[in-house]
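Peer 1: Provided below are the primary sequence and the corresponding predicted coordinates.
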Amino acid sequence: MKKRLRKKTHIGEFKEWGVIISITKSTDVDFDVFVDEFIEHNIKENACYFTGTSKENTLEGFIDLGCSLEKAKDKLAKITAWLNEKSDVKNHTVGKLTDAWHGPFDQREEPEATT
């Protein structure tokens with residue numbers, strides 16, 4: 001397949017990696033402040049994209065980690081390390097790395113940490 005078509009269809013070297021994430025936090029800290037910190041310290045600093053929704057004290061969504069598999073693993077490790085350090089996070093569930101354009105999107109693992 002030609003490079004132009006691989007790029008257009010997001011396959012080969014143009015495959016983008018992502019992960020489904022669910023975060024539940026305690027009610028001690030303002031949820032909006034937590035979401036702002038999550039976006040600033042994880043999404044922006046790691047050059048990722050996030051789409052999701054929140055309900056009460058739960059944030060669920062999909063993080064686009066970029067094209068390089070190795071960099072995606074590093075970014076995901078930084079994000080989970082940050083979540084493990086936060087005392088106001090009750091638990092978080094991170095799915096398996098998956099193709100951000102073609103899926104599958106229903107894969108979930110057990111919670112990474114429960115605090």
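Peer 2: Cool, the structure landed. Because the structure is predicted, anything quoted here is derived from the model rather than measured.

Peer 1: Would you map the strands across this structure?
Peer 2: 17-25, 49-55, 58-66, 89-94, 98-99, 113-114 (DSSP state E).

Peer 1: For the ones you listed, state which one has the densest average packing.
Peer 2: Most buried of those by mean neighbour count (mean count of other C-beta atoms under 10 Å) is strand 17-25; its value is a mean of 21. Where you see a C-beta, it was placed from the backbone N, CA and C, and this is true even at glycine.

Peer 1: Who are the packing partners of it?
Peer 2: Judged by 3 or more C-beta pairs under 8 Å, 6 or more residues apart in numbering; DSSP states H and E, the packing partners of strand 17-25 are helix 31-38, strand 58-66, helix 69-85, strand 89-94, strand 98-99.

Peer 1: Dump the fourth one to PDB, keeping only the CA atoms.
Peer 2: It refers to strand 89-94. Coordinates of the C-alpha atoms in strand 89-94 are reproduced here as PDB (Å, rounded to 0.1, in the frame of the first residue of the first chain):
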ATOM      1  CA  VAL A  89      -7.800   8.900  43.600                       C
ATOM      2  CA  LYS A  90      -9.800   6.000  45.000                       C
ATOM      3  CA  ASN A  91      -9.000   3.800  42.000                       C
ATOM      4  CA  HIS A  92      -8.400   3.900  38.300                       C
ATOM      5  CA  THR A  93      -8.800   1.300  35.600                       C
ATOM      6  CA  VAL A  94      -6.700   1.400  32.500                       C
END
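
Peer 1: Now that strand: average pLDDT?
Peer 2: When the per-residue pLDDT values of strand 89-94 are averaged, the result is 91.

Peer 1: Report the inter-axis angle for that strand versus strand 58-66.
Peer 2: 40 degrees (axes from the mean of the first three to the mean of the last three C-alpha atoms, to 10 degrees).
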